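1. Got a predicted model here, sequence first, then my questions.
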Amino acid sequence: MKSTEDILTILENVCDPEVPVLTIQDLGIVRDVRVISEKEVEVIITPTYSGCPAMNTISMNIKFELLAHGFEQVIVTEILSPAWTTDWMRESGKQKLKAYGITPPQYNTVANPRESEAVIPCPVCNSTHTTLLSQFGSTACKALYKCKDCLEPFDYFKCH
């Protein structure tokens with residue numbers, strides 16, 4: 001019988017459809033795994049945003065991945081409380097974002113709840129001479145910035 005750790009390892013193969021460089025484990029949306037029987041498992045997830053359009057795809061991908069590993073019954077349960085926060089992201093996931101060209105969240109929401117004071121560095125040249133173009137980037141969880149030094153536009157993964 002597979003353990004919770006075995007299932008969490010399997011879930012490392014499930015990527016976020018909006019930011020495919022990140023796994024759902026990198027994002028920290030997997031809240032719990034319950035092994036019900038040898039062939040049945042429940043995965044509890046919290047969406048990054050209430051109403052996030054990627055959650056249906058993520059749920060299906062979780063089911064497909066676990067079915068491919070021998071489970072016959074896969075239950076994916078979404079919980080909204082406590083609300084997901086970028087504080088739950090792995091540090092390695094934040095580094096993957098930067099390497100992908102997206103500036104990761106720049107502060108801890110518990111320690112500093114005022115994102116407006118954060119300096120948003122360019123993921124291309126690391127300059128802090130950047131400007132906000134739009135509160136909404138390619139997806140609702142990102143804002144669009146432009147670097148005043150290298151002139152590249154870039155997404156910033158907003159804190160929440």
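-> Perfect, I can see it now. Numbering: from 1, shown residues only.
2. biggest helix in the chain by residues?
-> Looking across the chain with DSSP state H, the single longest helix is helix 55-68.
3. tell me which strands and helices it is in contact with?
-> helix 4-10, strand 40-45, strand 73-78 (3 or more C-beta pairs under 8 Å, 6 or more residues apart in numbering; DSSP states H and E). Glycine gets a C-beta too; all of them are placed from N, C-alpha and C.
4. May I have that helix as CSV, with CA atoms only?
-> Extracted C-alpha coordinates of helix 55-68, given in CSV (Å, rounded to 0.1, in the frame of the first residue of the first chain):
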residue,chain,number,x,y,z
MET,A,55,-8.3,24.5,-10.5
ASN,A,56,-10.5,22.2,-12.7
THR,A,57,-7.5,21.3,-14.8
ILE,A,58,-5.3,20.8,-11.7
SER,A,59,-8.0,18.5,-10.2
MET,A,60,-8.2,16.5,-13.4
ASN,A,61,-4.4,16.2,-13.7
ILE,A,62,-4.2,15.0,-10.1
LYS,A,63,-6.7,12.3,-10.9
PHE,A,64,-4.9,11.3,-14.1
GLU,A,65,-1.6,11.1,-12.4
LEU,A,66,-2.8,9.0,-9.5
LEU,A,67,-4.9,6.7,-11.8
ALA,A,68,-1.7,6.1,-13.8
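5. Return the set of buried residues in that helix.
-> Of all the residues in helix 55-68, those buried under the rule 16 or more other C-beta atoms under 10 Å are Met55, Ile58, Ser59, Asn61, Ile62, Lys63, Glu65, Leu66.
6. got the contact list for that helix?
-> Applying C-beta atoms under 8 Å, 6 or more residues apart in numbering, the contact partners of helix 55-68 are 7, 10-11, 13-17, 24, 29, 41, 43, 45, 47, 74, 76, 78.
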